[in-house]
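Engineer: how does the following fold in three dimensions:
(one chain, ligands or ions: 1)
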Amino acid sequence: MVCNTIAMNESLVLSNITHGTGHIELNRPKALNSLNQAMVDIVSQELQQWEHDDSVQQVLITSTSEKGFCAGGDVRAIHDLDAQGEHEQGDEYFAHEYRMNNHLASYPKPIISLIDGVCMGGGIGISAHGSHRIVSERAFASMPEMLIGFVPDVGSTKMLSDMVGQKGYASSALAKFLCISAWRMSPADMLWAGFATHFVPSEHFEAFTQQLIAEGIDAALERYAGVPDQESELARYEDSIQAVFDQPHWSEIEAALQQHDDEAFVQMVHKHLQGTCPTSVVAAVELIHASAQAKDIRQALDYELIMGNALRRTPNFQEGVRAVLIDKTKDAHFEPQSYEQVDAAAYRSLLSS
Ligand code: QUE
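Structural biologist: Predicted structure coming up:
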């Protein structure tokens, strides 16, 4: 029995079925639930079983960590493998993760994620494709890959472009802005953009969870859904984002930014570009532009896999992960250092081959 307890505690993902709810709990709190292949494979297996199990009416995804939902993929482990030339293991991790993302995106049952704290990268991939994305006042979400020499992934390059939310329309300009700037979305930003579907105060998450298991998601939302205190800062930049970022290539976004007359917006964007990898920025715009026109999430994931696998084989990924996640010195030296030196057409052509 003691052995059992230890095994339970060490399991990186906990799962059970209670009263028609298949519950997945991310349980790697020391790494802020950053996902590895074992975790992805457990989640995938449960999703497959529950899809065809009539006793499961809805899927609930939560975290056991006080600090939040999920900080991303375990890119540090992938960095270590890439450093040893073991690129195929990283390729395999991402292939498995993206297959899970696609399964979530096409799942025939409600998938409810409770986001109470950090949600970045892979955390967005495991939550935002589902039908219900519930956020608390402690939630924030971001795609921070520009800082580590990588590209946005987990289907975000299409999903963020398709989100309607409170603004009422889909916008690939918004997706480009969010990914290029690594903008940290507040709960109000998430609701406005369409990343989140509902707001529930953190203090009610426990009771909310109990009720959604006992009586279903609609009854629980009826009782606990509210509105965040703060307004969306992102919404204030709406016109500028559309004016500057609704372009197919980074060179054109840069030109539009230079001519833009809202000085506060221009300065904010420049501040967010500090520390980003020029190759990642140029490649990400090509990627998001292609994905926004992709026929489905699966095609966008395929584009992301091609682009991501290519970038992981360059020194920028090593350098970015070192500077941000290992040494935490935030002093990455990326090559090339200027946007003009990055061959946008070469990255674009990766996606048509
Ligand atoms: C880009 C990323 C990640 C990131 C930071 C980036 C990422 C990730 C983490 C992370 C953060 C805290 C942890 C941890 C991992 O940070 O994918 O284990 O404790 O997992 O700029 O893609």
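Engineer: going by C-alpha atoms from here, please, whenever you check contacts or count neighbours.
Structural biologist: Fine.
Engineer: residue ranges in the chain under the pLDDT threshold?
Structural biologist: Applying pLDDT under 70 to the chain flags the ranges 1-9, 353.
Engineer: for it, what lies in contact range of the ligand?
Structural biologist: With CA under 6 Å from any ligand atom as the criterion, the chain meets the ligand at residues 31-32, 34, 71-75, 121, 144-145, 147-148.
Engineer: name the element Ser113 belongs to?
Structural biologist: According to DSSP states H and E, Ser113 maps onto strand 111-115.
Engineer: now for that strand, which elements pack on it?
Structural biologist: Contacts defined by 3 or more CA pairs under 8 Å, 6 or more residues apart in numbering; DSSP states H and E place strand 111-115 against strand 58-63, strand 68-70, strand 132-135.
Engineer: quick one: strands adjacent to the longest one?
Structural biologist: For strand 58-63, sheet partners with direction are given as strand 21-26 (parallel), strand 111-115 (parallel), following DSSP bridges.
Engineer: which of the ones you listed is buried the deepest?
Structural biologist: Highest mean neighbour count of those: strand 111-115, a mean of 26 (counted as mean count of other CA atoms under 10 Å).
Engineer: quick one: residues in contact with whichever helix or strand comes after that strand.
Structural biologist: Once the chain leaves strand 111-115, the next helix or strand it forms, by DSSP H and E, is strand 118-120. The contact list for strand 118-120 (CA atoms under 8 Å, 6 or more residues apart in numbering) reads 67-72, 138-144.
Engineer: repeat for stretch 294-313
Structural biologist: With CA under 8 Å, 6+ apart as the test, stretch 294-313 has contacts from 82, 87, 91, 94-95, 98, 102, 105, 149-155, 157-159, 280, 283, 287, 290-292, 317-318, 347, 350-351.
Engineer: flag every buried residue along the lengthiest helix in the chain.
Structural biologist: In the chain, with assignment by DSSP state H, the single longest helix is helix 87-105. For helix 87-105, the buried set under the neighbour-count rule, 16 or more other CA atoms under 10 Å, comprises 87, 90-91, 93-105.
Engineer: of the contacts of stretch 294-313, keep whichever come out buried.
Structural biologist: The buried subset of those - by 16+ other CA under 10 Å - is 82, 87, 91, 94-95, 98, 102, 105, 149-155, 157-159, 280, 283, 287, 290-292, 317-318, 347, 351.
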